[in-house]
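A.B. asks: here are the coordinates; sequence isn't available:
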């Protein structure tokens, strides 16, 4: 019995390590993990708007490709990503919807007041439940939805100038084209 | 050329580390003295080589050598010299090099200050340190090499992110790393002891100073990170239960438990296998923390995800280090027999309680950090883990902890007199009751946690003072005798009192956030805001150039009761290179409270600016308490018993007799 007790830490660690190994090996490009949601309809959400912003709901976004960015005022990488989002808004005229993840609305508002607001609309997800539905590991994360509300792409961690130019913008162009052609 | 020399030195360091990891181990097994002592030489050579590598990279940064990829990615000619230097570890590759450098410093320190260590134990400790170095050097050379060249060289660099150009953040990683890496020594001692199959009081006496030193560094590192978050990031928030923060907090919790359980091993020769396990877990969590630091690429939980190649290597490294040591533990630990018996109510009992609460606290944080990941994997019910979770689980566990910290040091070893101890602290009850009443009155029956927190802080602080005066016999015996006792009292006892007092100070700081005031207003130049008795006039906002930014600098005239306190200068800085704005808050502290001003957007039409003003009572206590705790650790570290030749292995007699007697 007591022998088993000494084995316990090792057993716990093996389970943990096994889990991480499995998640590492399940796909080579972990950035797209877990891909369970890719090409599936986005989980439904209906969030209160931040400040004076209108409500943000999935049904309201359908009809056009949409970029959804999860952020928080307490998150360092978000601060790093922020100027890029501003550039997307001002130079590339991309409509970005923000979801303030596990953040006090007052703090999110202050963030946008201080550093500028790259979002067309911001939904408040203070409990983080919408984030969980999307499978958000941590902020920031960015999702691209097509006009039917299907998740096409997930960016884990801050966007970079490179990922914006080589992945996000071409994908948006393609989706715009497809939705334009359909209607 | 210098860069190549650094690269070459790093490769050489790898070979030296391979030798260090093997030769002394074989020497110890075969009792070959020369082979055993070879580990020392390797550790010193390793230090010389990694220092050279570190300096080479620093040189590349200082002279802005834009033929080195790492420098291109993280530096710029316009960057101030300080941030060119700290930029060396402000990125993933450089921070790993810093890690290895500190590991080399620790190994060399063990090699130099180990004259009274048995050669076989020293050899094995050196070998384990060598193995860790091999793992990290391989990691750097194969996946994260900072010395790679770019052909053709770039004209200028991409610059360091402005948010990271901050003194608090610049020195936060080195302290954290010093703490993490320092725990490797405790780990190596633990593994060496498992290989030898014996742990005794002398072993604990060797391990404790190293653990204590790393604990101090980690305490300072965490406090710095939290302070940085406070003044740049969170609008006065100082802890967010962010995975990155939790990653550094977990080794701290277990490390704190380790310091305490090692006392029991040293004084009473028991709790051995538990202490070994704590040493292994502390370093394991430090390894996890290393890969989740705030600087560089690996900024969050995404750490393992951003690069599969690195992720696999890191995972392999963790599995080898943690899995290997735990396997050894499962095999060898059952043979470690404890010596001293003790009653549940005793100093040992109190320390066990401390260990229990700290490890449960750590387990809670661990679960809270990883739970969402696991749920995602199992497809279980969706649950959110954030502030409410930690407030409901972690905080209640720390409440009995703080109460026990007050009473524990008064219990005797083996069998304590709880009733007697509880009677001796009568003054603490009165003080606590008063504090609770006052807090209750001031907050108007406000948040329970704030009132409770003040009660706890007062309780702990008075209990610590009572314990110390009791020990010195103040008010009981003649002042001269007290003075005599005060001089003879070991530094370790003072260290403990100081550190425990620091905890009380921090707890008071945590609790006071209930009294914060804030005002957010658009203010015209010449107009004023009033907050908590302060009168703030926005006098002017000027545009001034900085080294690599342009700043809007506000002058805010602060007065209290008509007297000028200070002219404060909150700033907004615009970095053209990254087209990014940062906010430099102005904080005026009198150590009892902070006045905190941040400059927001200019209002419409010009001449008006958004000002965010906060008054935060006792908030400096949070970091002050941490500094006091670390200072207590240093005082304890200066105790002469770590240096004087008492640290010799017991020869099978006296209270420290143990497995040593079997030989």
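C.D. replies: Thanks, I have the structure now. Computed from a predicted model, the values in this text were never measured in an experiment.

A.B. asks: next one: the helix ranked longest in chain A to chain centre, how far?
C.D. replies: Longest helix in chain A by number of residues, with DSSP state H as the criterion: helix A:2-25. Mean C-alpha position of helix A:2-25 versus that of the full chain (C-alpha atoms, centre = their mean, to the nearest Å) differs by 31 Å.

A.B. asks: same thing with stretch B:144-157?
C.D. replies: What separates the centre of stretch B:144-157 from the centre of its chain is 33 Å, taken as C-alpha atoms, centre = their mean.

A.B. asks: low pLDDT regions in chain A?
C.D. replies: For chain A, the stretches flagged by pLDDT under 70 are A:1-2, A:23-37, A:137-138, A:180-183.

A.B. asks: go again using 50 as the cut-off
C.D. replies: Per-residue confidence of chain A (counting by pLDDT under 50) places the weak regions at A:1, A:27-35, A:181-183.

A.B. asks: same for the longest helix of chain A, what does it pack against?
C.D. replies: helix B:272-290, helix B:308-318, helix B:324-332, helix B:347-378 (3 or more C-beta pairs under 8 Å, 6 or more residues apart in numbering or on different chains; DSSP states H and E). Every residue, glycine included, has its C-beta placed from N, CA and C.

A.B. asks: what angle separates it from helix B:324-332?
C.D. replies: Relative orientation of helix A:2-25 with respect to helix B:324-332: 160 degrees, computed using axes from the mean of the first three to the mean of the last three C-alpha atoms, to 10 degrees.

A.B. asks: list the buried residues for helix A:2-25?
C.D. replies: Taking 16 or more other C-beta atoms under 10 Å in any protein chain shown as the neighbour-count basis, helix A:2-25 is seen to contain the buried residues A:6-7, A:9-10, A:13-14, A:16-17, A:20, A:23-24.

A.B. asks: go on, stretch B:564-571?
C.D. replies: Within stretch B:564-571, the residues scored as buried using 16+ other C-beta under 10 Å are B:565, B:568-571.

A.B. asks: do stretch B:437-454 as well
C.D. replies: Taking 16+ other C-beta under 10 Å as the basis for neighbour counts, the residues of stretch B:437-454 that come out buried are B:439-440, B:443, B:450-454.

A.B. asks: relative to the whole chain's centre, how far out is that stretch?
C.D. replies: From the chain centre to the centre of stretch B:437-454 is a distance of 30 Å (C-alpha atoms, centre = their mean).

A.B. asks: which ones are touching residue 67?
C.D. replies: Defaulting to chain A. Residue A:67 is in contact with A:88, A:94-97, A:142-145, A:168, A:172, counting by C-beta atoms under 8 Å, 6 or more residues apart in numbering or on different chains.

A.B. asks: oops, I was thinking of chain B
C.D. replies: Under the criterion of C-beta under 8 Å, 6+ apart, the neighbours of residue B:67 are B:3, B:149-151, B:153-154.

A.B. asks: how close does it get to chain A?
C.D. replies: With distances taken as C-beta to the nearest C-beta, to the nearest Å, residue B:67 is found 21 Å from chain A.

A.B. asks: and the closest residue to that residue other than its chain neighbours, how many neighbours?
C.D. replies: Nearest non-adjacent residue to residue B:67, counting by C-beta to C-beta, 6 or more residues apart in numbering or on different chains: residue B:153, 3.6 Å away. Burial measure for residue B:153: 13 neighbouring residues, criterion other C-beta atoms under 10 Å in any protein chain shown.

A.B. asks: now the helices for the stretch 501-650 of chain B?
C.D. replies: Remark: helices assigned in the stretch 501-650 of chain B by DSSP state H, counting those that start in this stretch are B:620-637.

A.B. asks: quick one on the thing from earlier: what is the nearest of the buried residues of helix A:2-25 to residue A:41?
C.D. replies: The shortest separation between residue A:41 and any of those is 23.7 Å, and it belongs to residue A:23 (by C-beta to C-beta).

A.B. asks: which stretches in chain A count as strands?
C.D. replies: Secondary structure of chain A (DSSP state E): strands at A:46-49, A:56-57, A:66-71, A:96-101, A:121-125, A:141-145, A:151-156.

A.B. asks: can I get these in JSON lines with distance to residue B:75?
C.D. replies: As requested, the strands of chain A are exported to JSON lines (distance: least, C-beta to C-beta, whole Å):
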{"stretch": "strand A:46-49", "distance to residue B:75": "41"}
{"stretch": "strand A:56-57", "distance to residue B:75": "40"}
{"stretch": "strand A:66-71", "distance to residue B:75": "28"}
{"stretch": "strand A:96-101", "distance to residue B:75": "30"}
{"stretch": "strand A:121-125", "distance to residue B:75": "35"}
{"stretch": "strand A:141-145", "distance to residue B:75": "28"}
{"stretch": "strand A:151-156", "distance to residue B:75": "26"}
